[in-house]
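# this one's structure only:
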């Protein structure tokens, strides 16, 4: 599958790539910097700001794309900005992009895309239902990296949708204390809807939801942190890195894969 197909699928159903594998986390002895992007590699950064969605994509030819730059203006209990309040979410997103840009000496964005006009998706870029999701899943077919729609709210990730996609890696862009719905998380983790292993990541699972979810928290691959999907040149394999969301260093704290591509 070519790079454009990967990108289109990632925008339509959240971020969709390729790969199936049964490989768990690789222990990181101590946090280390993420190795730099290299030409031919596809990097997809799911940025944890604690205030909305933001995804930074570096294509194999060094083209860059920012998908959303959310910033909810009102304070929400148990939803502190990440890594802290010293900057606006937009400033933290810009800082992140600057750090991981393919041309560090002259960081820039080639493209920006707003998926829809909710503050937690476009707040820093501007002065469906389950049945429709099932239909979209039928069009897409099996995938392997799936950013769960609407932060894992109650309506997305229906049983039929999940069974059609059969995702190997699922990323929930949670940031509020109501993300994700406990019922949705149960579906994501439940092998009854499709067989085989899966790794589920949340960007910022807040304490109230941890208490609501209970023991299932232990089944998550990671409950907080920036999540980077790195596709190897040629698309034959990919890995997932979890970066520290509490500091500007953004060191790697967990590594998963490599997963074999379909």
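Here it is on my side, so go on. All figures in this text were calculated on a predicted structure; none of them were measured in a lab.

# CA only for contacts and neighbour counts going forward, please
Noted.

# and residue 255, what are its bridge partners?
Beta-bridge partners for residue 255, by DSSP bridges, are residue 26, residue 241.

# how close does residue 100 get to residue 208?
32 Å (Cα to Cα, to the nearest Å).

# out of those two, which sits in the busier spot?
Higher neighbour count among residue 100 and residue 208: residue 100, with 19 against 14, using other Cα atoms under 10 Å.

# what comes up buried for stretch 192-208?
By 16 or more other Cα atoms under 10 Å, the buried positions in stretch 192-208 come out as 193, 194, 197, 198, 199, 200, 201, 202, 203, 204, 205, 206.

# Out of those residues, which is nearest to residue 187?
residue 193 (7.5 Å; Cα to Cα).

# Return the distance of residue 248 relative to residue 254.
In terms of Cα to Cα, residue 248 sits 17 Å off from residue 254.

# what about the stretch 1-150 of the chain, any weak spots by pLDDT?
Low-confidence segments of the stretch 1-150 of the chain (pLDDT under 70): 1-28, 117, 124-140.

# Which residue ranges of it form helices?
Using DSSP state H, counting those that start in this stretch, the helices found in the stretch 1-150 of the chain span residues 3-13, 89-100, 119-122, 130-140.

# Name the surrounding residues that touch the third one.
The set of residues that contact helix 119-122 without belonging to it, under Cα atoms under 8 Å, 6 or more residues apart in numbering, is 51-54, 68-73, 114-116.

# Distance from that helix to the middle of the chain?
Chain-centre distance of helix 119-122: 16 Å, with Cα atoms, centre = their mean, to the nearest Å.

# May I see the buried residues of that helix?
119, 120, 121, 122.

# Looking at those, which is nearest residue 34?
So of those, ranked by how close each gets to residue 34 (Cα to Cα), first place is residue 121, at 25.7 Å.
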